[in-house]
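Novice: model this:
(chains A and B)
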Amino acid sequence: MLRIKCPYCGVREHTEFTYGEDANRSLPDPDASLENWNNYVFARQNVAGEHLEYWQHTLGCRAWLKVQRDTVTHDITWTGLPHETPPQQKEAST
Amino acid sequence: MSGFRSHLGRLNDEQISFSFNGQSLSARAGDTVASALLANGIEVVGRSFKYHRPRGVNSCGAEESGALVSVGIGAEQEPNVRATMQLVTEGLQVSSQNCWPSPQFDLLAINNFVGSLFPSSPLAAGFYYKTFMWPAKFWYKLYEPAIRRAAGMGKVPDQADKAAYDRINSFYDIAIIGGGAAGLSAALSAAQSGLRIVLMDEHATLGGQLLHLPKQQQDLEQWRQNTIASLQVADNVTILTNTVCWGRFDGNTLAAHEVIDGKVRHNFHKIHAEKIIIATGAIERPLVFTNNDKPGVMLASGARKLLNNYGVAAGRQMVLFTNNDSAYKTAFDYHDQGLPVAAIIDSRESRSEHLFEACQQRGIPVHQYSVVTKAKGWHGVRSVQVSELKDDGTLGASHDITCDLVAHSGGWSPQVQMASHGGTPPIYDEQITAFVVDQQAADTWSVGAAQGQFGLQAGIKQAMVAAQAACQALACQGGEVLIPAEDINGELNIEPLWSVPAPSKQKNKQFVDIQHDVTVADIGLAHKEGFISVEHMKRYTTLGMANDQGRTANVNALAMMAGHLEQSITATGTTRFRPPIAPVSLGSIAGREVGEHVRPLRRTPMQEWHERQGAVFVEAGLFRRPQYYPIGNETLDQAYVREAAHVRTKVGLCDVSSLGKIEIVGPDSAVFLDRIYVNLFSSLPVNKARYGIMLREDGHIYDDGTTSRLADDRFFMTTTTAKAGAVLSHLERCLEIDWPELQVRVSSVSEHWAAMALAGPQSRATLQLAFPEMDFSQAALPFMGLAHGKYQGSPLRILRVSFSGELAYEVYVQADHGEQVWQHIMAMGQPHDIIPYGLEALGTLRIEKGHVTGAELDGRVTLADVNMQRMASKKKWFVGQNLMQREGLQDPKRPCLVGLKAVDPQQAIPTGAILVNENKLVAGCDKQGWVSSMTYSPALEGFIALGFLTSGQKRIGETIYAAYPLQGQHIPVEVVSSHFYDPDNIQVKDQ
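Specialist: Numbers count the residues shown, from 1 in each chain, chains lettered A, B, ... in the order given. Purely as a prediction, here's the structure:
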């Protein structure tokens, strides 16, 4: 059972949250090339290790969150709001 | 008759009765089924999985692989219960498994002998994959019924389980798994910190291997009782007995299964612990020799606990067979109780002098460097064949020794499953010839025998140190634990003996996994056939896959595998441990979420009215929506056709409250909707509605609905029932991640508004009667207009939109007035002959009109596929616009929406049918498309359907075929426009 720290609500079980998507990408310009759009929608790094992703606190405050999760160990090392970026060093707390 | 009650052990003298295969037997309170059966002299408890060999009790704990029984009858029956773990309660009904007519005389025992008739036994390793393969036509009629009759352990009850199960979520600072000496010590030390502690043990009585000792060993018995008493009075300690911790998951989550057998049968505990101490102990390994599965062959520790804890002698004359020091105590305890020990067979070259002297003092003969090669007897053991070992590993001269109990020990295996669930595989420790987990997972300590520390005092100290470290990590201080004066030496002085050489030229079976009937020969066969990975060997032979999860079998099997591969056990490795480590009832995982509670039920404000009206309901997501309102004995087909026809001629009311409703507010709302929908919403005037379609980023249609403008900066969106939640999340995502600069707020108001669709030529007249202060004239409320009103002080929103193709309105009212307004409209509609109509008629009306729903918008279609490409605005950008241009989505040959009319109007067109050009289904005929929805159309007096057909728009007028080979149907249909009814929208727009 993952536990995710919502910046608004505190530490909650992951069953309150819904996984959204990879947070390492941003919306291309409307007139960007088809290739750019294709990469945005379909191409993923699929990293083994620390990964930034969006989750939504669907059964809580409904905020969209940015979560730094290790895809190998499932350790969650940072959570923040969508416009925030994690600090360079790992924080011990979730 | 072998076992008997010799004294009371730790039990008291209260007598209770239970039954075994219908026979009434007596037991003492505290007995397990295993100890009670042995006390009653019952030797054969059931039959084995494949070979139907007689099996009896072969341990005294969780590792039991022989005595599996069914408990209870009827709906209450539970198969595959380990007799060693089931407490006897008054009136408990226990029965044997896998035997007919009785465990003594079982007809399928023929399986035991077929091996010798064929060159390779049909039930040997991999038989699942090799047998029953050919010819294919034999499968249904011959193989499968035969396998079903013979296979499996026990019977699954054929009635629904009425017992209650609970799920419990709890949070602790420290969880301690295992209540033996180490677990008790860790708990007592941690308890003194004041932190919240939970101690779990799978047995009914705490103490672990301390219960193997005679009660007369007073120092240790007193220590056990005092420690338990101290824990019981501590407010911060929760003790869960009969509770097996069966898995560890991410985030220090533990799953545990508690057997209650009261008003609630089992509890499923989901425990979150900050720190975890694993004190799961070790279990004894069997020695592998011919017929080592016979009733009477028992782990030495099991025989010892039976005697000392339950006062049950497991036999009348023992032979002890061992490769280490620990088992000698079993022989000494039996001897000291006056029970004869015929001999100790010790396979080791060197001997432990102090034990040898103790044997001499008691007059027990010791056969050094010898092995038991075979257990003999018809059902149970009556003698053993003993051979000396020669230096080249072969067998020397043999002789028989009479006995009815073979207590054996091949060493001890730490129970590393829970520690391995944390992520690290166990490693082989040569010293104790077993696997231990070297690197602990985060927040975890393994202590005592679970970590290979078999000495008592050393284990207690290790547990205390771990508990103190765990407390310290939580900024608290653990306490001291009194170390008992008496120690138990943990030195095994083991010399590994993975399997005894088979007595020459005999095909008798040497079992490695007793519960799954896997033999030494099976492992050899798997190796010969190329299964060189332990994971493959496990699956091919099914070793370790029974409900004991190979507790006693795994290490022996891995060592044998290593021998075949001529490599070290370390290099061979273990299979991966996965939860659950013990049998878990499905009921406990389901908890109370069974039957109608399996999902929550969402009710519309008008639900009770529909129920009173006798509506027939259909599941729609979490809703149960009225499907139709039968009159008299009407069938579904009769009712929906009547309702649909009535709406076209008069007026009907339909509950559409389940639609998603989202309010969108803020100065940038119109800009936002322009990006979300393919069509323009910024141009929508206030108090007007527009049908909108939204796409996914990949260019496919996501959802549709009508959105109306309440004010310049305020919109009211409706979504489909199915996508209500997903669309809200999508809007929130876009606002928070993609366009945080937009000043817009979205909020679900689905539960705030009851919604009803009023449709039919008389709908305007009905509304005018219902809400006389409002103006419903064409001028005041034209098509796609929105009017506001009040009913008894509560706001009304009335939208002139139509899903049916008739003059129609959607009436929105605050939810708590929903039923009142519904009833009011129904009453005011009486002069116009109003009826309620259900989802089925709603479907008929929309198919006649060619409107799409989830059956068409299934996530794979584009705007062009449903002939709505013209809706996409060229004046602005919207989500999905870019990838909608992809070559594959622009292919003119893509199947697109068409109408289909049955050539014979009375012939139904099955939904899901495949569209083909050929008039009969032949190999290689091309799939041209599919049927997505169908109905009988009262307006067209025949069956019609919507479907997707390759280049469909160019094929209007063609006759093709709807094939449904599963039902042998092949129906000629005419391709027509999807707008069957009133294609010019004259009815909708009205005067």
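Novice: for the chain, which spans come out with low pLDDT?
Specialist: If you meant another chain, say so; for now it's chain A. For chain A, the stretches with pLDDT under 70 are A:89-94.
Novice: try chain B instead
Specialist: Those would be B:1, B:100, B:107-124, B:126-152, B:504-506, B:991, if you go by pLDDT under 70 across chain B.
Novice: so is the helix ranked longest in it next to chain A?
Specialist: For chain B, the helix that runs over the most residues, judged by DSSP state H, is helix B:456-473. No: on the criterion C-beta under 8 Å from any C-beta of the partner chain, helix B:456-473 is out of touch with chain A, staying 11.9 Å away. For every residue, glycine as well, the C-beta is placed using N, CA and C.
Novice: most remote residue from chain B's center?
Specialist: Most distant from the centre of chain B: B:A779, at 60.5 Å, with distances by C-alpha atoms, centre = their mean.
Novice: and that residue, how far is that from chain A?
Specialist: The gap separating B:A779 from chain A is 40 Å, by C-beta to the nearest C-beta, to the nearest Å.
Novice: what does B:L220 give?
Specialist: 38 Å.
Novice: check the burial of that residue by counting its neighbours.
Specialist: 20 (other C-beta atoms under 10 Å in any protein chain shown).
Novice: give me the element it is part of.
Specialist: If you go by DSSP states H and E, B:L220 is part of helix B:218-233.
Novice: now do that helix: which elements does it pack against?
Specialist: helix B:181-191, strand B:237-240 (3 or more C-beta pairs under 8 Å, 6 or more residues apart in numbering or on different chains; DSSP states H and E).
Novice: buried residues, stretch B:302-320. List them.
Specialist: B:302-315, B:317-320 (16 or more other C-beta atoms under 10 Å in any protein chain shown).
Novice: and what of stretch B:969-983?
Specialist: Residues of stretch B:969-983 classed as buried: B:Q969, B:H970, B:I971, B:V973, B:V975, B:V976, B:S978, B:H979, B:F980, B:Y981, B:D982 (neighbour count, 16+ other C-beta under 10 Å).
Novice: save those as TSV, and put in distance to chain A and secondary structure too.
Specialist: Output for the buried residues of stretch B:969-983, formatted as TSV (distance: C-beta to the nearest C-beta, whole Å; DSSP: H, G, I helix; E, B strand; the rest coil):
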residue	distance to chain A	secondary structure
B:Q969	39	strand
B:H970	39	strand
B:I971	39	strand
B:V973	37	strand
B:V975	33	strand
B:V976	36	strand
B:S978	30	coil
B:H979	33	coil
B:F980	37	coil
B:Y981	38	coil
B:D982	39	coil
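Novice: center of chain A, which residue is that?
Specialist: The residue lying closest to the centre of chain A (C-alpha atoms, centre = their mean) is A:E53, at 1.9 Å.
Novice: next SSE downstream of the helix or strand that contains that one?
Specialist: Secondary structure from DSSP H and E places A:E53 in strand A:50-56. As assigned by DSSP H and E, the chain's next helix or strand after strand A:50-56 is strand A:64-70.
Novice: got the CA positions of that following strand in PDB?
Specialist: The C-alpha trace of strand A:64-70 is given here as PDB (Å, rounded to 0.1, in the frame of the first residue of the first chain):
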ATOM      1  CA  TRP A  64      -3.700  17.200  -9.100                       C
ATOM      2  CA  LEU A  65      -0.300  16.500  -7.600                       C
ATOM      3  CA  LYS A  66       3.200  15.900  -8.800                       C
ATOM      4  CA  VAL A  67       4.700  12.800  -7.200                       C
ATOM      5  CA  GLN A  68       8.300  11.600  -7.400                       C
ATOM      6  CA  ARG A  69       8.100   7.800  -7.200                       C
ATOM      7  CA  ASP A  70      10.800   5.200  -7.700                       C
END
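Novice: tell me if that strand is near chain B.
Specialist: Yes: using C-beta under 8 Å from any C-beta, strand A:64-70 comes into contact with chain B via A:W64.
Novice: quick one: stretch B:672-679 to chain centroid distance?
Specialist: Centroid separation for stretch B:672-679 versus its chain: 42 Å, with C-alpha atoms, centre = their mean, to the nearest Å.
Novice: ok, and what's touching that stretch?
Specialist: B:664, B:666, B:680-682, B:690, B:692-695, B:707, B:715, B:717, B:731, B:734-735, B:739, B:742, B:744, B:863, B:871-873, B:876-881 (C-beta atoms under 8 Å, 6 or more residues apart in numbering or on different chains).
Novice: what of stretch B:623-636?
Specialist: Applying C-beta under 8 Å, 6+ apart, the set of residues contacting stretch B:623-636 from outside is B:601-604, B:607, B:610, B:613-618, B:638-640, B:642-643, B:655, B:658, B:721, B:835-841.
Novice: can I get that stretch in PDB? Just the C-alpha atoms.
Specialist: The C-alpha coordinates for stretch B:623-636 follow below in PDB (Å, rounded to 0.1, in the frame of the first residue of the first chain):
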ATOM      1  CA  PHE B 623     -27.100   3.400 -10.900                       C
ATOM      2  CA  ARG B 624     -30.000   1.100 -11.300                       C
ATOM      3  CA  ARG B 625     -32.100   2.900 -14.000                       C
ATOM      4  CA  PRO B 626     -35.700   2.000 -14.900                       C
ATOM      5  CA  GLN B 627     -35.500  -0.100 -18.000                       C
ATOM      6  CA  TYR B 628     -39.200  -0.200 -18.600                       C
ATOM      7  CA  TYR B 629     -42.500   0.200 -16.700                       C
ATOM      8  CA  PRO B 630     -44.500  -3.000 -17.500                       C
ATOM      9  CA  ILE B 631     -48.300  -2.900 -17.600                       C
ATOM     10  CA  GLY B 632     -49.800  -6.200 -16.600                       C
ATOM     11  CA  ASN B 633     -47.800  -9.100 -17.900                       C
ATOM     12  CA  GLU B 634     -46.000  -7.100 -20.500                       C
ATOM     13  CA  THR B 635     -42.600  -8.400 -21.600                       C
ATOM     14  CA  LEU B 636     -39.600  -6.100 -22.100                       C
END
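Novice: give the buried residues for that stretch.
Specialist: So for stretch B:623-636, counting by 16+ other C-beta under 10 Å, buried means B:F623, B:R624, B:R625, B:P626, B:Q627, B:Y628, B:Y629, B:P630, B:E634.
Novice: any residue of the helix or strand where B:M717 lies touching chain A?
Specialist: B:M717 belongs to strand B:714-719 when assigned by DSSP H and E. No: using C-beta under 8 Å from any C-beta, strand B:714-719 stays clear of chain A, coming no nearer than 15.9 Å.
Novice: packing partners of that strand?
Specialist: strand B:660-665, helix B:669-676, strand B:701-711, helix B:724-733.
Novice: how about CSV for the ones you listed, with distance to B:D161 and mean neighbour count added?
Specialist: Below are the helices and strands packed on strand B:714-719 laid out as CSV (distance: least, C-beta to C-beta, whole Å; neighbours: other C-beta atoms under 10 Å in any protein chain shown):
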stretch, distance to B:D161, mean neighbour count
strand B:660-665, 37, 20
helix B:669-676, 48, 22
strand B:701-711, 40, 21
helix B:724-733, 32, 19
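Novice: where do the strands sit along chain A?
Specialist: Along chain A, counting by DSSP state E, strands occupy A:3-6, A:10-13, A:18-22, A:50-56, A:64-70, A:76-80.
Novice: give me the contacts around the first one.
Specialist: Right, the one you point to is strand A:3-6. A:11-14, A:16-17, A:55, A:57, A:60-61, A:63, A:65, A:67, A:76, A:79, A:93-94, B:251, B:272.
Novice: how does it look with 10 Å?
Specialist: With C-beta atoms under 10 Å, 6 or more residues apart in numbering or on different chains as the test, strand A:3-6 has contacts from A:10-14, A:16-17, A:55, A:57, A:60-61, A:63, A:65, A:67, A:69, A:76, A:78-80, A:93-94, B:250-253, B:272.
Novice: buried ones among the residues you listed?
Specialist: A:12-14, A:16-17, A:55, A:57, A:60, A:63, A:65, A:67, A:69, A:76, A:78-80, A:94, B:251-253, B:272.
Novice: what's the neighbour count on the nearest residue to B:G952 once chain neighbours are set aside?
Specialist: Excluding its sequence neighbours, the residue lying closest to B:G952 (C-beta to C-beta, 6 or more residues apart in numbering or on different chains) is B:V898, at 3.9 Å. Counted with other C-beta under 10 Å, the neighbours of B:V898 add up to 27.
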